[in-house]
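# One predicted model, sequence on top.
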Amino acid sequence: MLVLTRKPRQQIMIGDNIVINVVEVQGENVRIAIEAPREIKIYRGEIYRAIQEENRRAAQQIGKLDLSNALPLNN
C-alpha cells in the first residue's frame, strides 16, 4: 500500500490515464475528483463490497437450483 500526503489542488497519477485530484479538505473529510477512461469502473468501497456480497449470494442460489426435472435444450 502506498500512503501519500496531498494538499488541495494536488494530484495523484495512476498509470498514464487515471488522475486523482484533491479538491478540498475539511477536518476529517477529503473531497476528491477522479479522471479515468469510461471503461474503468469506479465505486466507493462500501458499494463495491455490497456488490461483491450480492454476487456471492446470487452464485450460492444458482448452486442450490434443482435441475433434475429440467427439459433438455434443443439445438
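Done, it's in.
# got the buried residues for the longest strand seen in the chain?
With secondary structure taken from DSSP state E, the chain has its longest strand at strand 18-26. Buried residues in strand 18-26, counted by 16 or more other C-beta atoms under 10 Å: 20, 22. Yep, even glycine has a C-beta here, placed from its N, CA and C like the rest.
# and that strand, average pLDDT?
For strand 18-26, the mean pLDDT works out to 96.
# got it, and stretch 65-75?
Averaging pLDDT along stretch 65-75 gives 71.
# For this protein, which segments count as strands?
11-14, 18-26, 29-35.
# The last one: partners in the sheet, and parallel or antiparallel?
When pairs are called by DSSP bridges, strand 29-35 turns out to pair with strand 18-26 (antiparallel).
# can you list contacts of the partner strand?
Strand 18-26 has contacts (C-beta atoms under 8 Å, 6 or more residues apart in numbering) with 6-14, 30-37, 40.
# For stretch 30-46, what is the distance to the chain centroid?
For stretch 30-46, the separation from the chain centroid amounts to 8 Å (computed by C-alpha atoms, centre = their mean, to the nearest Å).
# Check the gap between the nearest residue to Lys7 once chain neighbours are set aside and Leu4 for me.
Among residues not flanking Lys7 along the chain, Val22 sits closest, at 6.7 Å (C-beta to C-beta, 6 or more residues apart in numbering). The gap separating Val22 from Leu4 is 10 Å, by C-beta to C-beta, to the nearest Å.
# And Arg44, by the same measure?
Using C-beta to C-beta, Arg44 is found at 19 Å from Leu4.
# Alright, that wraps it up for me.
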